[in-house]
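J.: below: sequence and its predicted model.
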Amino acid sequence: MPFLTGTDAPRALWQRLLERPLLHQFVKFCLVGATSTTIDLGLFAYLRSIDVPRLLAQTTSFSVAVTNGFFWNRRWTFRAVDPERARRQYAAFYVVNVVGFCLNTSLLYLFAHLFVTAGLPVRHAELLGKALAVPIVAIWNFSASKFWAFSRPLNPEP
């Protein structure tokens, strides 16, 4: 392979990386996650702007985002569309996301507290804290979704 320079090098590197199935799947998961995160952040910000209590706003925005994520990850990312397994997959995906929710909420409260202590207004601190929690929770959610919620059974029933 010749030495790549200029704009060809990043494109070639990106294409080589995407040829790896796990990374390709993670990119798809992140794209679905980006839409779910946009829904989550937007709905959370809206609900807080109309003075819905923080935990209720968090729970509502989370629930809507998880439903979006389940639908698209099941169909597109993991291609796990066996109708007989949908309920189990949704239950497992929900559990994965509840753990992610607990992690996200803990980090939201921790970061919001730190940023408020540093002088940021509460609503700005909450949004920044939530945004910082996203990458941590994304790694958890992808790993648990791939290897548990949407995994194929080792010994499928006949």
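T.: Cool, the structure landed. Predicted model, so just to flag it, every value in this text is computed and none were measured. Numbers count the residues shown, from 1 in each chain.
J.: next, Arg20: phi, psi?
T.: Main-chain torsions, Arg20, degrees, to the nearest 10: phi -80, psi 120.
J.: look up how far Val27 lies from it.
T.: Applying CB to CB, to the nearest Å, the value for Arg20 to Val27 is 10 Å. Glycine gets a C-beta too; all of them are placed from N, C-alpha and C.
J.: just want to know which of those two has more residues nearby.
T.: Val27 (15 against 11; other CB atoms under 10 Å).
J.: can you name the next helix or strand after the helix or strand containing the more buried one?
T.: Element membership for Val27, per DSSP states H and E: helix 21-49. The first helix or strand that comes after helix 21-49 along the chain, using DSSP H and E, is helix 54-72.
J.: now the longest helix seen in the chain: buried residues?
T.: The residue-count maximum for a helix in the chain (DSSP state H) belongs to helix 86-117. Within helix 86-117, the residues scored as buried using 16 or more other CB atoms under 10 Å are 89-90, 92-94, 96-97, 100-101, 104-105, 107-109, 111-112, 115.
J.: quick check: angle from the helix holding Val27 to helix 54-72?
T.: 150 degrees (axes from the mean of the first three to the mean of the last three CA atoms, to 10 degrees).
J.: can you pull the buried residues of helix 21-49?
T.: Within helix 21-49, judged by 16+ other CB under 10 Å, the buried ones are 25-26, 28-29, 32-33, 36-37, 39-41, 43-44, 47-48.
J.: counting by contacts, list what that helix packs against.
T.: helix 8-18, helix 54-72, helix 122-144 (3 or more CB pairs under 8 Å, 6 or more residues apart in numbering; DSSP states H and E).
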